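Undergrad: Task: produce atomic coordinates for the following.
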Amino acid sequence: MIIKELNGVKPVFGTDCFIAENAVIIGQVTMGNQCSIWYNAVIRGDVHYIKIGNKVNVQDGAVIHATYKKSPTNIGNNVSIGHNAMVHGCTIYDDVLVGMGAIIMDDCIVESNTIIAAGAVVIKGTHVKSGSIYAGVPAKKVKDISQELVSGEIYRIADNYIKYASWYK
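TA: Alright, predicted model coming up:
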């Protein structure tokens with residue numbers, strides 16, 4: 001793994017985190033407990049801060065970045081960021097699933113209990129309301145989320161990634 005101090009600022013990690021050997025974490029990154037950062041993931045806090053809550057998994061190939069002096073990235077608790085997703089200069093609340101290959105752009109707000117579908121592109125400044133499923137390019141609300149999806153997908157995936165990380169420690 002590459003954990004790099006930049007301009008005198010080192011990433012800060014909570015307890016019981018897993019970081020894959022080839023993950024890259026740079027600069028102004030603060031991470032909570034029970035997080036997992038998977039293979040080829042990049043979290044680059046070089047141009048603004050990135051705050052990550054507890055029980056967040058950043059899956060293989062995902063990129064988290066921000067916009068210089070303008071848009072930091074804030075990620076809540078119990079969030080799964082799917083393989084090859086890009087999260088950039090936005091705010092994601094608790095209990096969110098960001099699907100594989102999804103892109104969430106600057107100044108977006110993604111409220112709790114939400115799924116951003118695989119391949120969705122959430123364009124700059126979009127406000128995703130709680131309880132929604134967004135899909136497409138550009139992403140639009142396609143339906144309300146059911147409690148079955150909240151527990152069967154959002155919670156299940158976040159909990160499973162804690163289990164998967166334990167296999168690697």
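Undergrad: mind checking how far the most centrally placed residue in the chain is from G125?
TA: Centroid-nearest residue in the chain: I81, 4.2 Å away (criterion: Cα atoms, centre = their mean). Per Cβ to Cβ, to the nearest Å, I81 is found 20 Å from G125. Every residue, glycine included, has its C-beta placed from N, CA and C.
Undergrad: Please apply the same query to G119.
TA: According to Cβ to Cβ, G119 stands 20 Å off from G125.
Undergrad: Nearest residue to I3 in space, please, no chain neighbours.
TA: I25 (5.1 Å; Cβ to Cβ, 6 or more residues apart in numbering).
Undergrad: wait, isn't the one you found in contact with V12?
TA: No. Using Cβ atoms under 8 Å, I25 is not in contact with V12; the gap is 10.0 Å.
Undergrad: intersection of neighbour lists for the two?
TA: Common contact partners of I25 and V12 (Cβ atoms under 8 Å, 6 or more residues apart in numbering): M31.
Undergrad: Name the residue in these two with the higher neighbour count.
TA: Taking neighbours as other Cβ atoms under 10 Å, I25 and V12 compare with I25 leading, 24 against 11.
Undergrad: Next secondary structure element downstream of the lowest-mean-pLDDT helix or strand in the chain?
TA: When the helices and strands of the chain are scored by mean pLDDT, DSSP states H and E, helix 147-149 comes last with a mean of 89. Using DSSP states H and E, the helix or strand that follows helix 147-149 in sequence is helix 156-168.
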